[in-house]
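**Student:** Model the following, please.
(one chain, ligands or ions: 1)
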Amino acid sequence: MRIVLLGPPGAGKGTQSDRLAERYGMEHISTGDIFRRNVAEGTKLGSLAKSYMDAGELVPDDVVVGMVLATLEDIRDGFELDGFPRNIPQAESLDGGLAVAGRPLHAALALMLDDEMAVKRIAGRRTCANCQTPYNVEFDPPKVPGVCDRCGGPLEQRPDDAEDVVRRRLEVYNESTAPLLKYYSERGLLREVDATGTEDEVFDRSVAALTDLPDD
Ligand code: AP5
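**Tutor:** This next block holds a predicted model:
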């Protein structure tokens, strides 16, 4: 299965991607995770991406598109792209790259959530600085506040999860990314899923939305 995941910040793209990757045996590619890894490793890509991420802006298309298409070249089986594409030019570049490879997309899964719930979820998000296990202080808290259940490491907040930056990320989503709903709908690929409710409920709805697609 070859899919893209759409949805505003906080919709649960990362959360559901992990579970869908396990369910369908797909490779999970998150552009946000790739950038955060590069920031942590202090690479040139990381220092370029950091200024955009910290401001809640998109990293320039020429940087992102080449990085994603190069990553896809190494993947022979199914994949899900989490956080890419983020605007129409990125979607067109992806379609072009996949057409050349003869591997078109099967679906665009859109997790639909309103802005206020998105802000609430993101405000509670924490990640272990050591092992990257995710938590949410409101919806999925650790046993001891601020401490990772798995490794005892300290829990951190993402720099771009500060409320003013989240508000800007939502604006960017509504301006640049939301038009992709129409783009994929016109191509018969859009599968919209209500992203409210528990993680299990959203997962079940996502699986139901993908049932008639190939799983290899
Ligand atoms: P990225 O990392 O992709 O961030 P995002 O799209 O803003 O998404 P988030 O990671 O904030 O949210 P999510 O939908 O994955 O939700 P999650 O599962 O974590 O991108 C970061 C930045 O990188 C961008 O701003 C940009 O600068 C750059 N970038 C990335 N891709 C780019 C591209 N293609 N082009 C240009 N720039 C790019 O869940 C959020 C929280 O809610 C968690 O705490 C979770 O536990 C909780 N939660 C999830 N589901 C539920 C539920 N059902 N109930 C209760 N809580 C829940």
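**Student:** Across the sheet, point out what pairs with Phe79.
**Tutor:** Residues found in beta-bridge contact with Phe79 (criterion: DSSP bridges) are Arg2, Glu27.
**Student:** Now do the contacts for it.
**Tutor:** Arg2, Ile3, Met26, Glu27, His28, Ile29, Leu72 (Cβ atoms under 8 Å, 6 or more residues apart in numbering). C-beta here means a position set from N, CA and C on the backbone, and glycine is covered the same way.
**Student:** In TSV, list those residues along with neighbour count.
**Tutor:** Putting the contacts of Phe79 into TSV (neighbours: other Cβ atoms under 10 Å) gives the following:
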residue	neighbour count
Arg2	20
Ile3	24
Met26	21
Glu27	16
His28	17
Ile29	21
Leu72	18
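**Student:** what's the closest of those to Leu210?
**Tutor:** Taking Cβ to Cβ as the measure, Leu210 sits nearest to Ile3 out of these, at 7.2 Å.
**Student:** Quick check, that closest one in contact with Pro104.
**Tutor:** No - under the criterion of Cβ atoms under 8 Å, Ile3 lies out of contact with Pro104, with a separation of 11.2 Å.
**Student:** show me where the protein has strands.
**Tutor:** In the chain, strands defined by DSSP state E lie at 2-6, 27-30, 79-82, 107-112, 125-128, 134-136, 155-156, 190-194, listed in chain order.
**Student:** quick one: average pLDDT of the third one?
**Tutor:** Averaged across strand 79-82, the pLDDT comes to 97.
**Student:** how close does Ala49 sit to the ligand?
**Tutor:** In this structure, Ala49 lies at 7 Å from the ligand, with Cβ to the nearest ligand atom, to the nearest Å as the measure.
**Student:** er, Tyr24 I mean
**Tutor:** 17 Å.
**Student:** I'd say that residue and Met1 touch.
**Tutor:** Yes - using Cβ under 8 Å, Tyr24 is in contact with Met1, at 5.3 Å.
**Student:** coming back round to it: export the strands of the chain to a markdown table and append columns for distance to the ligand.
**Tutor:** Conversion of those to a markdown table gives the following (distance: least, Cβ to the nearest ligand atom, whole Å):
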| stretch | distance to the ligand |
| --- | --- |
| strand 2-6 | 8 |
| strand 27-30 | 6 |
| strand 79-82 | 7 |
| strand 107-112 | 7 |
| strand 125-128 | 3 |
| strand 134-136 | 4 |
| strand 155-156 | 11 |
| strand 190-194 | 10 |
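**Student:** closest one to Asp200 among these?
**Tutor:** The stretch from the strands of the chain with the least distance to Asp200 (Cβ to Cβ) is strand 190-194; that distance is 13.2 Å.
**Student:** Spell out which strands sit alongside the closest one in the sheet and which way each one runs.
**Tutor:** Strand 190-194 has the following strand partners under DSSP bridges: strand 107-112 (parallel).
**Student:** Can you give me the buried ones in the strand it pairs with?
**Tutor:** Within strand 107-112, the residues scored as buried using 16 or more other Cβ atoms under 10 Å are Ala107, Ala108, Leu109, Ala110, Leu111.
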